[in-house]
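Visitor: only geometry, no sequence info:
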């Protein structure tokens, strides 16, 4: 992949259809794979909320997204403030979490924090907060930051009932901003919606010639993949970051 803009190294921006869809897990998996290739990596979480406040500046929230990305990229923990320059305690949208601390999310710092990595890595992985249209400042969404950084996007979605609409809506938001969608990762989650349906329908299927016994969760995963491919031709629809790594030549 070529450099998207002069100010940033080669890299990818991981965004989601929602919060808790597995962005950090996928991003960390990709970083671990690329680290084994001997690449000098950068990891950047522009801002984060729900970060546990430590007793001392030297203490680190080992459950935070920033820590997981830092570890996966093989970075020194002394770079944690570069990995995530702005963090807030409340598990709310960053501008709301910041306001509760009488702070604001610094928009200029969001961009400057990414460009710092220009001379410090060969490949930069950026992870957004929440979904692609989640507010990240009082006037920006994650998509607005993506426009500033101009990195190719990897869209992560939970592979469950309803994700087709979420992926297509996010893809439309990306296209409307003339951003490049590099790939979609459909994370396999245990569905709270599909599993009960399978329990109810399987006994019926066993006594019916019209409804064969089947694994509805497996079918949901497969058909979601097929439907999204139909609507997003030319975009790789993947199951994991490992598959994504095979598409990255660096």
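Guide: Yep, that arrived. Model, not experiment: these values are computed from the prediction. Residues are numbered from 1 along each chain as shown.
Visitor: mind listing the strands in this protein by residue range?
Guide: 10-16, 41-44, 47-49, 86-88, 123-131, 153-159, 181-188, 237-238 (DSSP state E).
Visitor: Are there helices or strands packed against the longest helix along the chain, and which ones?
Guide: Counting by DSSP state H, the longest helix found in the chain is helix 216-231. Contact here means 3 or more C-beta pairs under 8 Å, 6 or more residues apart in numbering; DSSP states H and E; on that basis helix 216-231 packs against strand 153-159, helix 163-176, strand 181-188, helix 194-206, strand 237-238. All C-beta spots, glycine's among them, are computed from the backbone N, C-alpha and C.
Visitor: which ones are touching residue 241?
Guide: Residue 241 is in contact with 26, 27, 29, 30, 33, 185, counting by C-beta atoms under 8 Å, 6 or more residues apart in numbering.
Visitor: let's see 6 Å
Guide: Applying C-beta atoms under 6 Å, 6 or more residues apart in numbering to residue 241 gives the contacts 26, 29, 30.
Visitor: Counting only helices, which of the residues you listed make the cut?
Guide: 26, 29, 30.
Visitor: Now the last one. Nearest residue, chain neighbours left out?
Guide: If I follow you right, that is residue 30. Leaving out its chain neighbours, the residue that sits closest to residue 30 by C-beta to C-beta, 6 or more residues apart in numbering is residue 241, at 4.0 Å.
Visitor: Ok, the second one next?
Guide: The spatially closest residue to residue 29, leaving aside those adjacent along the chain, is residue 241, at 3.9 Å (C-beta to C-beta, 6+ apart).
Visitor: for residue 69, same thing?
Guide: In space, residue 69 is closest to residue 43, 3.9 Å off (C-beta to C-beta, 6+ apart).
Visitor: ok, what's across the strand from the one you found?
Guide: According to DSSP bridges, the residues that bridge with residue 43 are residue 125.
Visitor: That one: neighbour count?
Guide: Using other C-beta atoms under 10 Å, residue 43 has 30 other residues around it.
Visitor: cool, residue 221 as well?
Guide: When neighbours are defined as other C-beta under 10 Å, residue 221 has 20 of them.
Visitor: picking up where we left off before, need the helices and strands packed on helix 216-231 in a markdown table with mean neighbour count, can you?
Guide: A markdown table is the format used below for the helices and strands packed on helix 216-231 (neighbours: other C-beta atoms under 10 Å):
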| stretch | mean neighbour count |
| --- | --- |
| strand 153-159 | 26 |
| helix 163-176 | 17 |
| strand 181-188 | 21 |
| helix 194-206 | 13 |
| strand 237-238 | 20 |
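Visitor: Let's have the ones you listed in TSV, adding mean pLDDT and distance to residue 109.
Guide: Formatted as TSV, the helices and strands packed on helix 216-231 follow (pLDDT from 0 to 100; distance: least, C-beta to C-beta, whole Å):
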stretch	mean pLDDT	distance to residue 109
strand 153-159	97	21
helix 163-176	98	24
strand 181-188	95	26
helix 194-206	46	42
strand 237-238	97	32
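Visitor: Quick one: closest of these to residue 99.
Guide: In terms of C-beta to C-beta, the element of these nearest to residue 99 is helix 163-176, at 25.0 Å.
Visitor: Give me the angle between the closest one and strand 10-16.
Guide: Helix 163-176 runs at 130 degrees relative to strand 10-16, counting by axes from the mean of the first three to the mean of the last three C-alpha atoms, to 10 degrees.
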